[in-house]
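K.L.:
whatever this is, show me its structure:
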Amino acid sequence: MLSSKFSTPMLALIFMGAVNLFAVFRLLGGGDDPRQVAATEADCESALDKLDEQFNTRRKARQETFFNSKASKRFSSMKQITFWDKYEPEANCFDDERFGGSVRYKSLGDGPKFVCGVDFIAKKGQNEGCLVYSVGSNNDISFESAVKSTMGCEIHTFDPTVPTAKFVGNNVATFHEWGFGKDGSELGPAYKSAATVIKELGHTGRTIDIFKIDCEGCEGVVMPPLLESIANGDVQVNQVQIELHQLEGFANNAAALENFFSAVDKANFRIFHKERNHWGCQGYLCLEYSLVNEKFLRDVNGEYVCRRV
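P.N.:
Got it, this is the predicted structure:
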């Protein structure tokens, strides 16, 4: 029996850590002791290769499901309530966390996002600095505040609908009255491509550790050029937290949604979390997806598989 000196939150953390290690152990099919997962660096790389193979198998199954649906003509008649069903998480981040509340591990309600490797990013922030972009604000800076207090990252918030003078988060983030899209967009001069924004802010060559997008339907404009820039190697992003909207973002168009996830695949990202927004959108018209770069995921999982923590 565990000692009474452990508080309920502490016991919860101990349990979560045990679950993470068990997940690693179960996926790799090891012996009885999770510490046997990767005894040497060679074992570590082999174990991570096996995880990548598993994640690739899941991704391929999803791609084949789409192909078969399209071939059978069922794809175009997808019902609203099943719009997102083909796009499930295919990867496991062994240090994922619902993050963004005023108190860590108590990130409740609408606003927090599932982030991979919070402590990994915080460690990087202490050593070499970290960078976060937050697109869409509506003057809610809870996520930015959590990033600042836990990770200490440099944060930039973007929202063309909030006047700069009225932004309330100047103590935690640098605000830009811009939107993301294509350069020279018909939407107006305040809309710029990710590559242009990065150049203008002096971030060329830097990795964006978290790219959070919650802009109520703008993802159809923001994401295609961003994912193309990532795939071409012009922009480096480790993970994306995004709310997708069935009606505003994709106009109830199943083909547009598939094009989005095809671009995600080409940019070498994996889906590692999916969450219905039951605070709005009738519970199914918009969903939160968390996407992670393959190499970054391998680095974070290596902290557990390789016993580096």
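K.L.:
next, the buried residues of the lengthiest helix in the chain.
P.N.:
Counting residues, the longest helix in the chain under DSSP state H turns out to be helix 41-71. Residues of helix 41-71 classed as buried under the neighbour-count rule (16 or more other CB atoms under 10 Å) are 43-44, 47-48, 51-52, 55, 58-59, 62-63, 66, 69. All C-beta spots, glycine's among them, are computed from the backbone N, C-alpha and C.
K.L.:
and the helix or strand where K274 lies, what does it pack onto?
P.N.:
K274 belongs to strand 269-276 when assigned by DSSP states H and E. Contacts defined by 3 or more CB pairs under 8 Å, 6 or more residues apart in numbering; DSSP states H and E place strand 269-276 against strand 113-116, strand 286-293, helix 294-305.
K.L.:
quick revisit: what angle sits between the longest helix of the chain and helix 294-305?
P.N.:
If you take axes from the mean of the first three to the mean of the last three CA atoms, to 10 degrees, helix 41-71 sits at 130 degrees to helix 294-305.
K.L.:
to the chain's geometric centre, what's the distance from helix 41-71?
P.N.:
The chain centroid and the centroid of helix 41-71 are separated by 18 Å, computed with CA atoms, centre = their mean, to the nearest Å.
K.L.:
that helix - contacts with which helices or strands?
P.N.:
Looks like helix 41-71 contacts helix 8-28, helix 254-266, helix 294-305 (3+ CB pairs under 8 Å, 6+ apart).
K.L.:
and with 6 Å instead?
P.N.:
With contacts taken as 3 or more CB pairs under 6 Å, 6 or more residues apart in numbering; DSSP states H and E, helix 41-71 sits against helix 294-305.
K.L.:
in the helix it packs on, what's buried?
P.N.:
So, applying 16+ other CB under 10 Å, buried residues of helix 294-305: F296, L297, R298, D299, V300, N301, G302, E303, Y304, V305.
K.L.:
how near is A42 to C306?
P.N.:
11 Å (CB to CB, to the nearest Å).
K.L.:
ok so, going back, please spell out which residues along the strand holding K274 are buried.
P.N.:
For strand 269-276, by 16+ other CB under 10 Å, it's F269, R270, I271, F272, H273.
K.L.:
tell me the one of those nearest I121?
P.N.:
F272 (14.7 Å; CB to CB).
K.L.:
what about that closest one, distance to A91?
P.N.:
F272 is 5 Å from A91, by CB to CB.
K.L.:
same question, P112
P.N.:
20 Å.
K.L.:
strand 269-276 and the longest helix of the chain, what's the angle between them?
P.N.:
Using the same axes, to 10 degrees: helix 41-71 against strand 269-276 is 70 degrees.
K.L.:
what's the average pLDDT for helix 41-71?
P.N.:
The pLDDT scores in helix 41-71 average 86.
K.L.:
stretch 213-232 now?
P.N.:
Mean predicted confidence for stretch 213-232 is 85.
K.L.:
give me the contacts around it.
P.N.:
Stretch 213-232 has contacts (CB atoms under 6 Å, 6 or more residues apart in numbering) with 135-136, 180-182, 193-195, 235, 237, 242-245, 248-249, 263, 266-267.
K.L.:
could I get that stretch in CSV with only the CA atoms?
P.N.:
Only the C-alpha atoms of stretch 213-232 are listed here, as CSV (Å, rounded to 0.1, in the frame of the first residue of the first chain):
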residue,chain,number,x,y,z
ILE,A,213,-3.8,27.6,-34.7
ASP,A,214,-7.2,28.3,-33.4
CYS,A,215,-8.7,30.9,-35.7
GLU,A,216,-12.3,29.8,-36.2
GLY,A,217,-12.2,28.5,-39.8
CYS,A,218,-9.1,30.1,-41.2
GLU,A,219,-7.2,26.8,-41.3
GLY,A,220,-8.2,26.3,-44.9
VAL,A,221,-6.2,29.4,-45.8
VAL,A,222,-3.4,29.1,-43.3
MET,A,223,-2.4,25.4,-43.5
PRO,A,224,-1.9,24.6,-47.2
PRO,A,225,1.0,27.1,-47.8
LEU,A,226,2.4,26.4,-44.3
LEU,A,227,2.5,22.6,-44.9
GLU,A,228,4.0,23.1,-48.3
SER,A,229,6.7,25.3,-46.9
ILE,A,230,7.4,22.6,-44.2
ALA,A,231,7.5,19.9,-46.8
ASN,A,232,9.9,21.9,-49.0
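K.L.:
measure how far it is from the centre of its chain, please.
P.N.:
13 Å.
K.L.:
pLDDT and distance to G125 added to the buried residues of helix 294-305, as a markdown table?
P.N.:
What follows is the buried residues of helix 294-305, written out as a markdown table (pLDDT from 0 to 100; distance: CB to CB, whole Å):
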| residue | pLDDT | distance to G125 |
| --- | --- | --- |
| F296 | 98 | 14 |
| L297 | 98 | 19 |
| R298 | 97 | 20 |
| D299 | 96 | 15 |
| V300 | 96 | 14 |
| N301 | 96 | 20 |
| G302 | 94 | 19 |
| E303 | 91 | 15 |
| Y304 | 87 | 20 |
| V305 | 87 | 23 |
